[in-house]
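Colleague: Give me coordinates for this.
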Amino acid sequence: MTRRDMDMAVAWAAMEGWNPGIHDAESFFAADSNGFFIGEVDREPVATLSAVSYGDRFGFLGFYIVKPEHRGKGFGMQIWNAGLGWLQGRNVGLDGVVAQQDNYKKSGFKLAYRNVRYEGRGGGHLSADGGLQPLTALPFQAIEAYDRPFFPEERSRFLSAWIFQPQSTALGVVKNGSIEGYGVIRPCQRGFKIGPLMADTPEVAETLFLALKAGVPPSEPVYLDVPEVNREAVALATRHQMDVVFETARMYTGDAPEISLDRLYGVTSFELG
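Modeller: Next comes the predicted model:
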């Protein structure tokens, strides 16, 4: 894909009901400009797929979409195989819809855990304390170092674009000169999504969660994609009366990477991990 094609892919994702962020395309393309594929028939786009490389050992699949009128013709399998071939030799992850789990297993993917999307509402009060600081005030190297245990490989190019994307709010909690958590909220096709949300303790996660959603009008929905294996993250969403609206199966072709799931309260993106 070209950068312009990425806008089309995001629009298709919106039509599928996946509710991507309004400015996601720029950050996605920054992650790996060679990792996005488009299938054409007589120059008409009919299928998309992202196969983003994070170093030599990890990759992530997303944006697996075939236009409805072209489904059942084998185009999806062609672009799927192209993406897997592009990531050959890497452990590959994806967040797949539950209905497709069996098909993904046929390609060698194994279920690791579920990610659950919760929906709530904006508003609330911004804490006057808690060590909150805008991420723009912190050295990027410190943010990158804090992020590293939460993802299988280094992702600095993506991260530098993601946390500073337009109309978003990115906050960290800093105590005694050290980052103890950070989170980002961004506008989506519908409402706002918090992601990532990472914290050393449930209290820090709650501080960030409340601060991020406080800037959203109470009439607007707020979404949080929670790794179900983190009980404290599920409790956070439940405590704030958020409802389950969607779920995915996090799957890998290899062993599930060792990441800090016990401190991960909100997934960055179902498309890129």
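
Colleague: Quick check, Phe270 in contact with Thr248.
Modeller: Yes - shown here, Phe270 and Thr248 form a contact pair, counting by C-beta atoms under 8 Å, at 5.7 Å. Bear in mind the C-beta positions are built from the backbone N, C-alpha and C, glycine included.

Colleague: More neighbours: these two, which one.
Modeller: Using other C-beta atoms under 10 Å as the criterion, Phe270 and Thr248 rank with Phe270 on top: 25 against 21.

Colleague: In contact with the more buried one, which residues are there?
Modeller: Contacts were defined as C-beta atoms under 8 Å, 6 or more residues apart in numbering; by that measure Phe270 touches Trp18, Gly62, Asp95, Asn115, Asp225, Thr248.

Colleague: now, which of those sits nearest Ser160?
Modeller: Checking these against Ser160 with C-beta to C-beta, the nearest one is Gly62 at 19.7 Å.

Colleague: about what we covered before: looking at the contacts of Phe270, spot the one nearest Leu135.
Modeller: Asp225 (19.5 Å).

Colleague: what residues are up against that closest one?
Modeller: Neighbours of Asp225 in contact, by C-beta under 8 Å, 6+ apart: Asn115, Val116, Arg117, Tyr118, Lys193, Gly195, Gly266, Val267, Phe270.

Colleague: now Tyr118: how far from Gly55?
Modeller: Separation of Tyr118 from Gly55 (C-beta to C-beta, to the nearest Å): 31 Å.

Colleague: Please say which of these two ends up with more neighbours.
Modeller: Tyr118 (23 against 11).

Colleague: Let's verify the more buried one: helix, strand, or coil?
Modeller: Using DSSP: H, G, I helix; E, B strand; the rest coil, the structure places Tyr118 in strand.

Colleague: Could you check the pLDDT of Ala128?
Modeller: On pLDDT, Ala128 comes in at 66.

Colleague: before we move on, the earlier item: show me which of the contacts of Phe270 has the smallest pLDDT value.
Modeller: For the contacts of Phe270, the pLDDT minimum is Trp18, 89.

Colleague: quick one, phi psi at that one?
Modeller: Trp18 has phi and psi values of phi -80, psi -10 when expressed as degrees, to the nearest 10.

Colleague: Is the closest residue to it other than its chain neighbours in a helix, a strand, or coil?
Modeller: Leaving out its chain neighbours, the residue that sits closest to Trp18 by C-beta to C-beta, 6 or more residues apart in numbering is Phe270, at 7.1 Å. Assigned with three-state DSSP, Phe270 falls in the coil class.

Colleague: what pLDDT does Phe270 get?
Modeller: So Phe270 comes in at 92 (pLDDT).

Colleague: quick one: it from Thr201, how far?
Modeller: With the distance defined as C-beta to C-beta, Phe270 ends up 26 Å from Thr201.

Colleague: What of Ser260?
Modeller: Using C-beta to C-beta, Ser260 is found at 12 Å from Thr201.

Colleague: follow-up on the earlier one: any common contacting residues for Phe270 and Thr248?
Modeller: Asp95, Asn115.

Colleague: which residues does Phe60 contact?
Modeller: Ser50, Ala51, Val52, Tyr54, Val92, Gly93, Leu94, Leu272, Gly273.

Colleague: nope, Thr201 is what I meant
Modeller: By C-beta under 8 Å, 6+ apart, the contact set of Thr201 is Glu180, Gly181.

Colleague: So that it lines up with my notes, have the first residue be 53 from now on.
Modeller: Noted, 53 is the first residue going forward, which turns the last one into Thr253.

Colleague: Tell me how far it lies from Gly182.
Modeller: Here the criterion is C-beta to C-beta. By it, Thr253 lies 11 Å from Gly182.

Colleague: So, low pLDDT: which residues of this protein?
Modeller: Scanning the chain for pLDDT under 70 picks out 179-181.

Colleague: Name the residue closest to the centre of it, please.
Modeller: Nearest to the geometric centre of the chain sits Ser321, at 0.7 Å (C-alpha atoms, centre = their mean).

Colleague: How about the contacts made by that residue?
Modeller: Asp76, Phe80, Gly114, Gly247.
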